[in-house]
Each structure stands twice: as C-alpha cells, then as structure tokens.
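*Asks:* quick one: sequence and predicted model below, then my questions.
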Amino acid sequence: MLEYLTLGQFVVAVLMGLAALCAFLWGAASGALSDVEAAKHQVLRAEDDMAGGGEPCPTASRRFNGSTDEPPRA
C-alpha cells in the first residue's frame, strides 16, 4: 500500500514539474519574458501619476523616454 502512495506522489510531482516547464516555455515562446524592463517602468509611471493626485509628474516622461535637459555628451 505504501508503494502505491509513494508512486502516486512521484507521478503528481513529475506532472507538476512538466506543467511548470510547459508554462515557462509557452511564456518564453510568446514573448512574455522578452521585455521585463517595460513592466518596471510602467509601474513606476503609475506610482508617479498617483503621487501627484492623479496629475502626471512632469519629470516622469523625461525620465522614462530617455530625454534629458542636458546636452548630449561627446
């Protein structure tokens, strides 16, 4: 009886591992893992918008799109 329980637990663990592997491969193939930096910047933009009472922070757009007030360096 104990052998059947151990075998059943092993089968469930292998199936869960395969499901996790399939989910990872599906996410990688669909491009969900390609640009993780964009999600970070989206969260920061939302926090900046909410911090000002719903008004966008004037420096937020410059900070995230790469433009600055400084002249380009040579």
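*Replies:* Perfect, I can see it now.
*Asks:* switch to C-alpha atoms for all contacts and neighbour counts from now on
*Replies:* Noted.
*Asks:* over to residue 34: give its phi and psi.
*Replies:* phi -80, psi -40 (degrees, to the nearest 10).
*Asks:* in contact with it, which residues?
*Replies:* residue 28 (CA atoms under 8 Å, 6 or more residues apart in numbering).
*Asks:* so that it lines up with my notes, have the first residue be 15 from now on.
*Replies:* Yes, from this point I'll number from 15; that puts the last item at residue 48.
*Asks:* quick one: pLDDT of it?
*Replies:* Note on residue 48: pLDDT of 82.
*Asks:* now do residue 79
*Replies:* 54.
*Asks:* could you do residue 45 as well?
*Replies:* On the pLDDT scale, residue 45 gets 87.
*Asks:* where do the helices sit along this protein?
*Replies:* Ranges of helices in the chain, per DSSP state H, are 16-44, 50-65, 72-79.
*Asks:* low-confidence ranges in the protein?
*Replies:* 15-16, 66-88 (pLDDT under 70).
*Asks:* ok, 50 please
*Replies:* Counting by pLDDT under 50, the chain contains no low-confidence range.
*Asks:* re the thing from before, can I get the helices of the chain in JSON lines with mean neighbour count?
*Replies:* Compiled in JSON lines, the helices of the chain are given as follows (neighbours: other CA atoms under 10 Å):
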{"stretch": "helix 16-44", "mean neighbour count": "11"}
{"stretch": "helix 50-65", "mean neighbour count": "13"}
{"stretch": "helix 72-79", "mean neighbour count": "12"}
